[in-house]
Structures are given as structure tokens and as C-alpha cells.
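sequence and computational prediction follow.
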Amino acid sequence: MKGCDKLIDVGRRQFLSRGVLATAGAAATAVLPGQAVAKPNPARVEYPSNRLANVSQLKPNTPMDVSYPDKDSPGILIKLGARVVGGAGPDGDIVAFSTLCPHKGFPLNYAAADKTLNCPGHYSRFDCEKGGLQIMGQATQNLPQFTLRVAANGDIFAEGVDELIYGRLSNVL
Amino acid sequence: MAFKRQIDRLPIIPADAKKQNVTCHFCIVGCGYHAYTWPVNKQGGTEPAQNIFKTDLSKQQYPETDAWYAPSMYNVVQQNGQDVHIVIKPDKDCEVNSGLGSIRGARMAELSYSRARATQQQRLTQPMVFRYGQMQPTSWDDALDLVARVTVAMIKEPGGEDNLFVSAFDHGGAGGGYENTWGTGKLYFQAMKVKNIRIHNRPAYNSEVHATRDMGVGELNNCYEDAELCDTIVAVGTNAYETQTNYFLNHWVPNLRGTSADKKKQQLPGEAYPPARVIIVDPRRTSTVAACETEAGKDRVLHLAIESGTDMVLLNALLTYIAEKGWQDKAFISASTNDFDKVVAANKTSIADAAAITGLKPEDIVKAATWIAEPKDGKRRRTMFCYEKGLIWGNDNYRTNAAIVNVALATGNIGRPGGGCVRMGGHQEGYSRPSDAHVGKPAAYVDKLLLEGKGGVHHIWACDHYKTTLNAHKFKQTYKKRTDMVKDAMNAVPAGDKPALVAAIVDAIKKGGLFAVDVDIVPTKIGEACQVWLPAATSGEMNLTSMNGERRMRLTERYMDPPGESMPDALIAARIANNMERVLRELGDAKYADQFKGFDWKTEEDAFMDGYNKHEKGGEFVTYERLRAMGTNGFQEPATAFKDGKIVGTKRLYADGKFGGKDGKATFMEAKWRGLQAPGKEEQKKKFKYLVNNGRTNHVWQSAYLDQDNEFLMDRWPYPFIEMNPDDMKELKVAQGDLVEIFNDDGSTQAMVYPTPTAKKGHTFMLFAYPTGVQGNVINAGTNELILPNYKQTWANIRKLAAAPAGVRHLSFKSQEYKA
């Protein structure tokens, strides 16, 4: 997908810069002799703000492959065509989800007919119109959804994730 | 919006975390897990040397990785009084599940008691008694003294021990296990001879699969691997994807996909290996049917959507056709069975008659018989038969159970690889008790006796009649009245005056009241009526042994503290016995008191050694230490030896062709069709419009008692669902998510409408035993002659109660079927 690689770079830069800050903080406080010093880590991971696409690129009910917060975490961006709770954009119908099944990490397939994501591994189904609610299946969480922000020019940014993504113990690696 | 935990990272398991064996305590399958614990102020890191997985966790892991766990697998619990991190994750080396976790088991950690993370705060933490108009905390000594005094007083009244009614688990997993069934069994069947006793999910103390046992065939006779080896699976009234999930995913699916082919060639040389087929007998199209079609293709899946309750006719027609074709296993029948010819004649059912009664196409019945028994290249076809509540809790269950075993025996499919005729099971098993012969057959219909005002004291162990009985609406009304009589009497005397309190209770009992003691881990619906609650520990808070659906026995090690003052059931039973002994001695009845000796157990291991080790077949080879070493794979019961540091088990029962009959044979059994057998069913069917078929669902299964306090689950099912055909919905003017009332002459209940285009018109399916809508309210009191309930064949009318409440508008009502 066009544009994606650049976005990942943004994420990497942010990740790196955060790392630099943390190191600097540790150095500044490491003057007390004989005591271990805790690093001032934030309570939550810091999500990059990554541009995924522009509203003008989306066709109703046609998923676009994206990745967030980095290239190893695949997802889809969809304009559902009907307003949903949690939907972004002028029509309130744009959503994005992780496509790694939160059960065993198999890639999910989008079924346009009923706007669901489906796992060929163990038959789990998630409803894209209901915040990724697991309709049936073996995951112990609903599908991680990417938090979206749409700028005035129609650029769509992902800026957060609401559940733990499969295969990583921190959403931002 | 769907419930989200907003968890973006988890503590990493350090390399030196403590690792203990866990068998999932929810369903029969008993998946292997490990509990990892470590001090709350420590954590692992992403470097391979810093974590238990020896893996670089700064990188994205691949599908099916062992080096990931979901937020539901994490919690903070107490161990020896200290807070510790805990991760309970599936074991990839367990043969049962090979690292798979279901939506239920993979939430074990989240469903644990944690003060730090406020999970399962519903758990009972101390004994409670009814005092000053409400349930009040008290000490074990005080609560046990009251229970002992009232119980002793009543068993010394005319009627003796028949005045004591008991409802007790008889199984394994949570709320059961060999330790706890022995503890309760020794109390009620050895110290006393209680005969008014029932089991957790039915109103009497009886087997659900009497017929197969009477035929000399134990109901758990194969191994899970047989599902990988067979040519055909026959599944009657069982929905394996949802209710034996990892058995299905890890053992059925490989056969349907063809990936168990190497195993077949290796273990079954010299025969053909046709692609596996599956026959599913169920009036409803389940998600299991859809999953099987996905894997095997529609041409290898035969869904026989029979008229509800007519399974016996189908099974008899299959037996008849197979015998007519000469496809039976003559050598096996001759060597290992009795009465084949007699039963074939008695059960003779033509394809045409069967088609008329079952509503199936004649050619589909013939196809089923062919898939089951037509020889493959001159050799016997290997067919595995399995069944569960659709048959067990269905019409005329005793004879229908016999009818399926008949077909399995006729085709030589018991005791052989790729065979078996087994129940699929609900919970795990873990039965070890002194003889129950005094209970008799048929056993007492305990719920009916309670309705009739019988019994004075009721001890309840992890049972909830309010949710899991038939005729539940009337039962609750009467039970509340009777227990309220005792509560009112208790209110009239000062609680500190024990003699006066006991006298007031006994007096109220004599007037029709009931003194009820509830032993459980959580507050229950029936508990609301009880006067005493005793808090129990569950699996993992105590060491617990059980066996799964292939008789695989494991030890779940104690990996956390029980909440508050709660104790293992086995020890609660022992302490009740100790107190009854003391009270009887005080009353000068030394002889009776002596019957309560032998309960000096200090730990659950004491109960295990007193019970299983001494009394069960092969028990002498089994100890905690040996089980610990056998890990999550354990061994398959019965144990036959201890050799080279391992317990030697039994992969399949009857592998030598010797069965459980007195003559070492299995015996075919007559099963004659007599329509809807249980009293009241035919009338109900005629009078009410909708079949209210019922059963369980994937998300909540053997786990509702904890799930009722779990946000992820209650967000999905705030109410029980009722699946309805869209045309029925139109006629009733209801929409998805609407609350409807299901009602008939026996009672009423509520459910949430789930549109289901695959449902036949007039057929509904409601979630069973759910706390916010009890399906048992509309099941009539009629049972079979052995007091087995018939929950499935229920008819009622339906009307709208309310438009979809706000609490269900976020839900999805899309099809639960996976489509490729």
C-alpha cells in the first residue's frame, strides 16, 4: 500500500526519540551514590500518530491494508458506509482494526457481505460494525481497534489501540 | 461499543518464575496449562536472558507462538499471603490441547480472586449465617456448630437420616474432584446413609448414561486420538466446537483436514484411508456443522436435522439397515457380546418408518448407515460414536442411549483404534465415593420431595437448583416459602442463645420449614434462600485431581491462596463430620458419634490418600508426587502400574474385547420407540407453539458461576439468547435484542432475541442455566422412569416484554457460523 512505509518511519522516529529522552532522564538523575535509580517510564506506551490514508482514497466497504503502530502489526482501514459507534470521519463510518486474530495470531479475512473479520484458524468472527466484538470464537478479547483521527484535509491518522495486539507484550515494541 | 480492556502491555514473565501444572477446571476436555508466578515487585525483560521464553520479545511473534499471552491470562493473586504476578497460559506440550486455549480456559487468570485487581470480588471469603434479618459474617466454629446441631437434631427425629437432603457435585474440575467427592461421599454414604441426595444438574442421584453401563460399556471408553484415526465421526446431540472446543480443534479438525494421515498410516497399517466424514445429528444447525463443512467440504458432512426427540428411531433404523446389509462385525459380536439377533429383531425399524418419524430423507439415513459401516476395501470401517446432552437430556434417554451403543457394538467399534462410543461430557470427572447402593434405583426425585414439603435440613454443595433444574419456577416459589419459615423463626430468638436458636429452627422445620446450608465458592441463586453459607476453595487454590473425557488424570497444583477463610470442600466435609461427632457425644450417643470417626484430615492430600489411593481401581499407583511428575499429560485411568518413574495408564478401555458384563461381555439392549416418553411432554407440544430447544454456548460453558462477574463475558451476554427464525420474529413483532417472555403452564422466563435464519420455523434455541433468564422455568416436571430429566423437549409460547434495552444495543447479532 502506498504511503505506508513512510508512516512506519514516522513511528520509528518517534520510538527512537522517546528512547533517547528516557536515557537522558536516567543519566541526569544518576548522581545519587549507592542507590539504584528507577527510570521515569510513562504508565502507558506512547502511541505514534501515523498517517494511514486520506478519506478520498477509501471506497465504501472495501478494506485497505494498513499497519499500525509499525509494519509488523497488520490491520485494515474500512469505510463501512454507515455510521457506527466509534467511527471516524465526516460520515462517522471509518474504522480500523488489527488483523492478527487475538486468539492465535492467524491473519483475519474481511467478509464484505456482513462486514466481519474471520479467522480461518479456529473460526473466530469479529464484527467491524460493533467495535470488533467477537461474534463467535476463541479469543479472550474483542478485536483490537485502532483509534483514528481525521484531519481537516481528510488525512486519517491512527493514534492508539484499545486491546493488546497478538504476538507482542507491548503494543509499541 | 464492545468491551475493551485498554491494556497496552503486560508484565513479562521472568526467567526464574515459578511454574506449576494446571488443568483447566471448566469443561470436560481439561486442557493443560501452566501457572507462572513471580514476586509483584519483579518483572522480566525483552532480552532472551530476561524472560521465561528465552526469546527476543522486542520483536513481533509469529502465529501460534508460545511467547505471548493475552491480558485475560494475567492477574495479581496471593501466594502464601504475598501478592504475586500470575500468568496462566496453555501448555503447547499437553497432548490434549497442544497450546490451544479456549475463550473460557484462557481466562482462568482473569477469573481468579484478586483484591489487587478487583477480580472475582463476588467470592465468598468467610462463613455467613442468617442473623438479625440478613446474612452476617461469622467464624467457622460458630457456623459449623450451628450446622451440626440442627443436622443432628433432625437426623435424631423420626425419619432419621432421611430428614437430611443433600445436593452435591459428583464430578471433577472446579466444584468437584476426587478429593472433594470423597470428602462429601464419606460423610453422606459412610458416616451416614443419606438416600435423599441429588447431583448438581438433575433432580436425583443417578447416572445420566445408565443404559451404556447396564450394557457393560463404560461411557468414556476411547481416547481423543481416536478422532484423528477414524474414518467417520458420528456426533449425536453434541456441539463440540463450542463445548469441547480444543478436543474438536486439536483432534477432530486434523482428521477432517487430512493432516492426521501420517498417524493413520503409522498406527493402522495395511488398510485404506478415505478422507474423513462426519455425521451430525442435531435438530439445529450448529457452529460445529459450519466448521466441519469448512474443513471437510459439504460432501463429507451429513447434518441430519431430525425432528426433536426422535434420535432412537434413527439409530434403530441404522442398526436394522446395517444388519440387513450384513455389515456388522460378526467375529466381534460373537466373541464379545450377547443378544445381537434378539435386539436386531426387537428394534427393527425400516428406513421408511424412520424417515416418517424423524422427518429425514430416506436416502440420508441410508447414506449415514453407509458412512458408518460399509466396509472399505473389504475391511471394517472405523467409526467413532459420540453423544452428549442432546441425547442424554432428550426424549426417552435410557433407551436412546442403548440405541447408539447398539450401533457401535454391532460395527465392532468399541475398544479399537478410531472407534469408541462415548459421551462427550460437560465437566471433568472425579468420582470417588463409598458405595451408593442404598440410594436405590430409581433414586429419590429429590426436588419433587422438597416441593412436597419433605426433608428438614438441606446441605448443598456447589449446586444451584434455581438455575439447573426442571420445573424451576415452582421449585423456587416453594423453596423460598419453606426456608423463609426458618428465617422468620431464627429472627424471633437471640442468635447468641444457641439452644433456643436450634429449638426454634427445629420447631419451624416441623411446621414445614427447611434449614438450608450452601457450600459454594460464590453466592448462588439458591443461596439467597439459605441460612448458612460456607466458603469453599476452588481448583488452584487447593491441589485437585480430576480426569477428562479420555480418562486422563492430572493434578492441578495449588498456585494461589484461597480467598479469605475459604477451605477445600473435602476439609469442610471433614469439619462438619468432626462437629457432628462432637455434638452426638455431647448428647450421649457414642455409638452414632463413632460413625463420624476418620475425618482427621489436615490437607486435601489426606483426603486423596484416604479416598482415591485406597479405593479406586489402580489408585494404589497414584500419589500427588507421582502426578506432579506426570505434568499436564498425566496418565489415562485406570492406572495399571508404576514403572520407570511413571504411572502406567490405559489408552482405551476394552481393548482386549472383554467388557463390563458379569460374563465379560457387552449386551445389546432393546430400545422400542414410544413417542414422547416423559409425562406432560406430548400435551405441552400440542398446546404451545414453539419448541424451546436449549443448551450451552461457546462463550460461557461450565464457567457461568465465575463469568457472571466478568465484564468481557457479561458484555457479550447480558441476557440469555433465544435463537429465532426471522419469520417467527415477524409474526411476534419482535426485533433483534428485544426481550421476550417464554411461557407455558409450568412457568415463565426471559431471553434476548437472536435472529437465526438457519433455525426452522417454530423452532427456537435458548441458552440453558443462565443467571439472568432460567430456561428451566418452563421445563415441566416429567422425567423418565429413572428420574432423568428431559430438558430438551420443551414447548412454550413467546411474547414481547421490552424493546432491546440500552444494555444490548452494542451487541452483534450476526451469524455465529464461520464461512470460508
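Arrived safely, thanks for sending.

count of neighbours near the residue nearest to residue B:651 when sequence neighbours are not counted?
Spatial nearest neighbour of residue B:651, excluding adjacent residues (C-beta to C-beta, 6 or more residues apart in numbering or on different chains): residue B:223 at 5.3 Å. C-beta here means a position set from N, CA and C on the backbone, and glycine is covered the same way. Number of residues near residue B:223 (other C-beta atoms under 10 Å in any protein chain shown) recorded here: 24.

hang on, residue B:223 packs against residue B:649?
No: Residue B:223 lies out of contact with residue B:649 (C-beta atoms under 8 Å); the separation is 9.9 Å.

in which helix or strand does the spatially most central residue of chain A reside?
For chain A, residue A:146 is the residue whose C-alpha lies nearest the centre (C-alpha atoms, centre = their mean; 3.8 Å). Per DSSP states H and E: residue A:146 is located in strand A:146-150.

and that strand, which strands flank it?
If you go by DSSP bridges, strand A:146-150 pairs up with strand A:155-161 (antiparallel).

any residues touching the strand it pairs with, and which ones?
By C-beta atoms under 8 Å, 6 or more residues apart in numbering or on different chains, the surrounding residues in contact with strand A:155-161 are A:47-55, A:66, A:68-69, A:77, A:88-89, A:94, A:96, A:98, A:144-151, A:171, B:8.

re the thing from before, give me the common contacts of residue B:223 and residue B:649.
Taking C-beta under 8 Å, 6+ apart as the contact rule, residue B:223 and residue B:649 both touch residue B:636.

so for stretch B:134-147, what gets flagged as buried?
Under the neighbour-count criterion of 16 or more other C-beta atoms under 10 Å in any protein chain shown, stretch B:134-147 has B:135, B:137, B:138, B:140, B:142, B:143, B:144, B:145, B:146, B:147 buried.

residue contacts, the third one?
For residue B:138, the set of contacting residues under the criterion of C-beta under 8 Å, 6+ apart consists of B:126, B:127, B:128, B:129, B:131.

residues of the stretch 551-700 of chain B that sit close to chain A?
residue B:698 (C-beta under 8 Å from any C-beta of the partner chain).

the strands in the stretch 551-700 of chain B, which residues?
Applying DSSP state E, counting those that start in this stretch to the stretch 551-700 of chain B gives strands spanning B:552-556, B:635-636, B:641-643, B:646-648, B:666-667, B:690-695.

most tightly packed of those?
strand B:552-556 (a mean of 28; mean count of other C-beta atoms under 10 Å in any protein chain shown).

which elements pack onto that one?
In terms of contacts (3 or more C-beta pairs under 8 Å, 6 or more residues apart in numbering or on different chains; DSSP states H and E), strand B:552-556 is packed against strand B:18-23, strand B:544-547, helix B:624-630, strand B:635-636.

in TSV, list those along with mean pLDDT.
Shown next, in TSV, are the helices and strands packed on strand B:552-556 (pLDDT from 0 to 100):
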stretch	mean pLDDT
strand B:18-23	98
strand B:544-547	98
helix B:624-630	98
strand B:635-636	98
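
ok, which of the ones you listed comes nearest residue B:79?
In terms of C-beta to C-beta, the element of the helices and strands packed on strand B:552-556 nearest to residue B:79 is strand B:18-23, at 8.3 Å.

so where's the longest helix in chain B?
The longest helix of chain B (DSSP state H) is helix B:472-491.

ok, and for that helix, which residues are buried?
Buried residues in helix B:472-491, counted by 16+ other C-beta under 10 Å: B:472-476, B:478-480, B:482-483, B:485-487, B:489-490.

which of those lies closest to residue B:810?
Residue B:810 has its nearest neighbour among the buried residues of helix B:472-491 in residue B:472, at 29.8 Å by C-beta to C-beta.

now the closest one, nearest residue through space, not along the chain?
Residue B:472's closest residue in space is residue B:776 (C-beta to C-beta, 6+ apart), at 3.6 Å.

repeat that for residue B:754.
Leaving out its chain neighbours, the residue that sits closest to residue B:754 by C-beta to C-beta, 6+ apart is residue B:721, at 4.2 Å.

chain A: helices as residue ranges?
Under DSSP H, chain A gives helices at A:4-29.

the residue nearest to residue B:207 when sequence neighbours are not counted: how many residues sit nearby?
Nearest residue to residue B:207, sequence neighbours excluded (C-beta to C-beta, 6+ apart): residue B:213, at 6.0 Å. Residues lying near residue B:213 (other C-beta under 10 Å) number 14.

could you confirm residue B:213 falls within a strand?
No: Residue B:213: not assigned to a strand; according to DSSP: H, G, I helix; E, B strand; the rest coil it is helix.

quick check: it vs residue B:243, distance?
As judged by C-beta to C-beta, to the nearest Å, residue B:213 and residue B:243 stand 23 Å apart.

go on, residue B:748?
27 Å.

check residue B:408 too.
For residue B:408, the distance to residue B:243 (C-beta to C-beta) stands at 21 Å.

might one say that residue B:408 is in contact with residue B:386?
No: using C-beta under 8 Å, residue B:408 makes no contact with residue B:386, being 9.8 Å away.

who touches both of those two?
In contact with both residue B:408 and residue B:386: B:420, B:421, using C-beta under 8 Å, 6+ apart.

lowest confidence element among the helices and strands of chain A?
helix A:4-29 (a mean of 39; mean pLDDT, DSSP states H and E).

and stretch B:616-626, end to end?
16 Å (C-alpha to C-alpha, to the nearest Å).

pull out the buried residues from that stretch.
Within stretch B:616-626, judged by 16+ other C-beta under 10 Å, the buried ones are B:616, B:618, B:619, B:621, B:622, B:623, B:624, B:626.

spatially nearest residue to residue 92 (excluding sequence neighbours)?
All of this is about chain A. Excluding its sequence neighbours, the residue lying closest to residue A:92 (C-beta to C-beta, 6+ apart) is residue A:83, at 4.0 Å.

wrong one, I was asking about chain B
Per C-beta to C-beta, 6+ apart, closest to residue B:92 is residue B:99, 3.3 Å.
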